[in-house]
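Undergrad: Build me a model:
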Amino acid sequence: MIIGLVYDVKEHYGYKEIDMRYTDFHTMDDIHFAKSCIESLGHTVYNIGNKDDLIEFINDKKPVDMIFNMSWGYKGRNREGLVPAILEANNIKYSGSDSFACSLCLDKIHTKLAARYLDIKTPDFFIAYTDNVPPKLAFPMVLKPNAQGTGMGVTIVKNEAEYYKTLNELLCEYGSPVLCEEYIDGVDVTVPILVNQAGSYALNIMSILDFKQNPLTIYDAKIKSSRKCSRVVYNGVGEIQKSLIADSCKIFEFIGCCDFGRADFRVTTDGKTYFLEIAPLPSLAKSGSFCKCAELTNLNYADVFKHIINSTINRYKH
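TA: Numbers count the residues shown, from 1 in each chain. Take a look at the predicted model:
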């Protein structure tokens, strides 16, 4: 097949690699890695670029059998849904979730409401649209821009002074609203999800730890982008593992995600699981959680892309 790769890198938007204000981008090393994995499966791959390059590619009527979508867009709560929407409008097959699922999952507040509807436990929260909203939960709290990814702006605050200062900074940098969330003392856990003909399933469960194998206080953009953390197979008891997998697949399917995804949780020392968010287009970087999980599950990198492509092909048959 002829497969086009669509993606965003910082250079598309004038940011330098060290800039942590906006981190929801791939690197060209990530793109070369994806291209080589897909080519190893016998496909021809075009590096198309971002949404603007995609529109030009479509207008030029270049041949392509499907698009492998790795685009997270840039700014706006619908940014992850832009490329799927363009492809849907032009009747072009593509991997990953549709424009609605991508936009919904980027909205952390609405995703948490979906989780609550499904009886999936999630940290208590309130919403701040302005910088004068009083704190409504006990400290410490976690503040997050509502429609950003890769840990952008995620900050733990321990008192009122830190709360108001951080709230003002996040509103100025990222706009409203800001999600203000109960801090859960525990381990960051992530569940990569794939899809076969029987439905969604967990590739495995990963714990995100520091290099000394201790839980992270907070998994923010600096740690995610620098990759200064350790990813290991989660060793929790069987019932906790079953709960994490069941909740991950339940919300993945309820939202209507496709082909692959990743659900993130915090797990306390007494075994309580708290859903944080779901990524319908998780990073497939070689050093990222998805591919690291595959490696520790004895699945090679190229097979991850093979599973996603096969799921896409099967989905378009129906």
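
Undergrad: And for the closest residue to Leu137 other than its chain neighbours, the neighbour number?
TA: Once flanking residues are discounted, Leu137 sits nearest to Glu182: 5.4 Å by CB to CB, 6 or more residues apart in numbering. From N, CA and C alone the C-beta is placed, and that goes for glycine too. Residues contacting Glu182 under the criterion other CB atoms under 10 Å number 15.

Undergrad: Glu182 against Lys121, yeah?
TA: No: checked against CB atoms under 8 Å, the pair Glu182 and Lys121 is beyond contact range at 11.0 Å.

Undergrad: Tell me the bridge partners for the residue nearest to Leu137.
TA: The partner list for Glu182 in beta bridges (DSSP bridges) reads Met141.

Undergrad: Provide a list of residues in contact with it.
TA: Residues counted as contacts of Glu182 (CB atoms under 8 Å, 6 or more residues apart in numbering) are Pro123, Asp124, Phe125, Leu137, Ala138, Met141, Val142.

Undergrad: for this protein, what spans make up the helices?
TA: Using DSSP state H, the helices of the chain run over residues 28-39, 51-59, 82-89, 99-106, 108-117, 160-174, 221-226, 238-255, 289-296, 301-316.

Undergrad: tell me which residues of the last one are tucked away?
TA: Across helix 301-316, burial judged by 16 or more other CB atoms under 10 Å covers Tyr301, Asp303, Val304, Phe305, Lys306, His307, Ile308, Ile309, Asn310, Ser311, Thr312.

Undergrad: which regions of the stretch 201-318 of the chain sit below the pLDDT cut-off?
TA: 221, 224-227 (pLDDT under 70).

Undergrad: where in the stretch 1-150 of the chain is pLDDT low?
TA: In the stretch 1-150 of the chain (pLDDT under 70), the answer is 16-23.

Undergrad: residue closest to the middle of this protein?
TA: In the chain, the centroid-proximal residue (CA atoms, centre = their mean) is Ala279; its distance is 3.1 Å.

Undergrad: I'd assumed Leu104 was in contact with it.
TA: No: applying CB under 8 Å, one finds Ala279 not in contact with Leu104, separated by 11.9 Å.

Undergrad: longest single strand anywhere in the chain?
TA: For the chain, the strand with the greatest residue count under DSSP state E is strand 187-196.
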